[in-house]
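> sequence first, predicted coordinates after that:
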Amino acid sequence: MSKYGFLTDAEFRELDECQTVLWRIRFALHLELRRYDNRLTFAHQPSVAETLGYQGDGNRGIEMMMKDFYRTLGRVAELNKMLIRLFELEINDEPDNKKIEILSDDFQRKGRQIEARKPALFQARPDTIIDMFLHIANDKSIESISAPTLRQLRTARRRLNRFLCDIPEAKEKFIALTRHPNALHKAFPLMHKHGVLSAYLPQWSQIVGQMQFDLFHAYTVDEHTIRLLKHINRFAQEENRDKHPICCDVLPRLAKPELLLLAAIFHDIGKGRGGDHSEIGAEEAYTFCIDHGFSRPEANLVSWLVGNHLLMSVTAQRRDIYDPEVITDFAQKVRDEERLDYLICLTVADINATNPELWNSWKRTLLAELYYSTQKALRRGLENPPDVRERIRHNQHLASALLRKHGFAPRDIELLWQRFKADYFLRHTHKQIAWHSEHILNHEATSHWCWSVKTRRAAAPKSLSTAKISPASLRGLLRHWIRKTSVFMTPRS
């Protein structure tokens, strides 16, 4: 391929270098397994890293090896894609009749590809690299970069003597890209794919191929972040409203969506460097914003989002969100509705990008409850905490009205509710209270068993609520509660 001009000498050496890296890892794996198997599983990574001389505290050796592995795969994939396009151009005997549209003095669109109009454009003016992705954002029909332009980009990228963020013209264009409504569609994913984000942002280059050793993350840090950006983009699409109703409502009314995008880029950028990655990312996000001309309030918002990107998820899933004190405490940390709106979008996108299996209706319900409860607390004013007794009376009044509408006597309702602790009426909506009560009252007369129901979640009341319900008639109730409760049956005395 090098002989016939498909590969330059530099590209040939790069391909040979990549092959050497992959073969060394493969041979070390075979020495460990003592059989032919090319699956580099979690169980074998420590011994393979040790064999190859990767060392460090904890998982540091594995991280270093896997970074080299993923980055090498990325280089091979990029070279492979470029070569396939060059082969297609060479093999295709038919005349190239693809329409050429001039986009600017520097770029044109040929078919569905963008290409540079000058042979050494990126080396002469590196800021035009960002221009190319602005054109991609402007034109949704562009799907990729032509092979000659990709070769030019790779050459310019290797020869950069400073990061693109240190070039004033590139800074302005990068911020313009973050403000573009279509930037998340293809521009940013392609910037990552072709190493432009690493060439622009020094911190990004440190998370490329960064492993995450936990039970939740299915992707490396860089891949997770790009998926997070894609999920934010989905909030702007009407077809996703059923899955993400709050975010689809909130995103269009954000005053400056680019601040959410920057918070997404920086939210995990501190991983792999020791210490609290949220704090590291928050400091670097603030510095980045100030250096790129954002106001201090805007920089503070981005920094706060990065530093607290786990706050809403942890509060919703690990604390009792039906406790007014928890809501007040969370609202005091959030402080205003603007932060709440940005945070809900970042949180939902983060969970979805962590692992496709993590997002479900239970988490959506928890986050929605926390969002609306906090919104009410902020509108009421943090200096006016809710009256717990008033909230109990309010829920009882609405639930009683529903039950009386279905023909239940007020006296029967009152006698039933005397068995319940006060916190029960705080942790359930009036519709849930009415639904529970209706089933209990309908079947209490035929009960031969005493059922005790205790919620498993940490957010559940510590006390037990006991009622007399027929086992046969509880099937529908249990189907609804099966994932939320543990039910114990004992004979009634």
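The structure has been received and is ready for your questions. Residues are numbered from 1 along each chain as shown.
> so where's the stretch 201-350 of the chain uncertain?
Residues of the stretch 201-350 of the chain meeting the criterion pLDDT under 70: 215.
> do you know how far Asn300 is from Tyr286?
Note on Asn300: its distance to Tyr286, by Cβ to Cβ, to the nearest Å, is 7 Å. In short, each C-beta sits where N, CA and C put it, glycine included.
> quick one, which of those two is more surrounded?
Per other Cβ atoms under 10 Å, whichever of Asn300 and Tyr286 has more neighbours is Tyr286, with 22 against 15.
> was I right to think the more buried one contacts Leu301?
No - contact criterion Cβ atoms under 8 Å: Tyr286 and Leu301 do not qualify, at 9.9 Å.
> what residues are shared contacts of these two?
Shared contacts of Tyr286 and Leu301 (Cβ atoms under 8 Å, 6 or more residues apart in numbering): none.
> which helix runs longest in the protein?
helix 60-91 (DSSP state H).
> any idea of the mean pLDDT in it?
Taken as a whole, helix 60-91 has an average pLDDT of 91.
> what is the subsequent helix or strand relative to that helix?
strand 100-102 (DSSP states H and E).
> parallel or antiparallel, which strands does that next one pair with?
Within its sheet, and counting by DSSP bridges, strand 100-102 is paired with strand 107-110 (antiparallel).
> distance of the spatially most central residue of the chain from Lys363?
For the chain, the residue sitting closest to the mean C-alpha position, by Cα atoms, centre = their mean, is Asp350 at 2.1 Å. With distances taken as Cβ to Cβ, Asp350 is found 12 Å from Lys363.
> same thing with Val196?
Separation of Val196 from Lys363 (Cβ to Cβ): 34 Å.
> more neighbours: which of these two?
The neighbour comparison of Val196 against Lys363 (other Cβ under 10 Å) goes to Val196, with 22 against 17.
> export stretch 65-81 to CSV, keeping only CA atoms.
The C-alpha trace of stretch 65-81 is given here as CSV (Å, rounded to 0.1, in the frame of the first residue of the first chain):
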residue,chain,number,x,y,z
MET,A,65,-2.3,-0.6,29.4
MET,A,66,-5.9,-0.2,28.5
LYS,A,67,-5.3,3.5,27.5
ASP,A,68,-2.6,2.4,25.1
PHE,A,69,-4.9,-0.4,23.9
TYR,A,70,-7.9,1.9,23.2
ARG,A,71,-5.9,4.7,21.7
THR,A,72,-4.1,2.3,19.4
LEU,A,73,-7.5,0.9,18.2
GLY,A,74,-8.6,4.4,17.5
ARG,A,75,-5.6,5.1,15.4
VAL,A,76,-6.0,1.9,13.4
ALA,A,77,-9.7,2.5,12.9
GLU,A,78,-9.1,6.0,11.6
LEU,A,79,-6.3,4.8,9.2
ASN,A,80,-8.6,2.0,8.0
LYS,A,81,-11.5,4.3,7.3
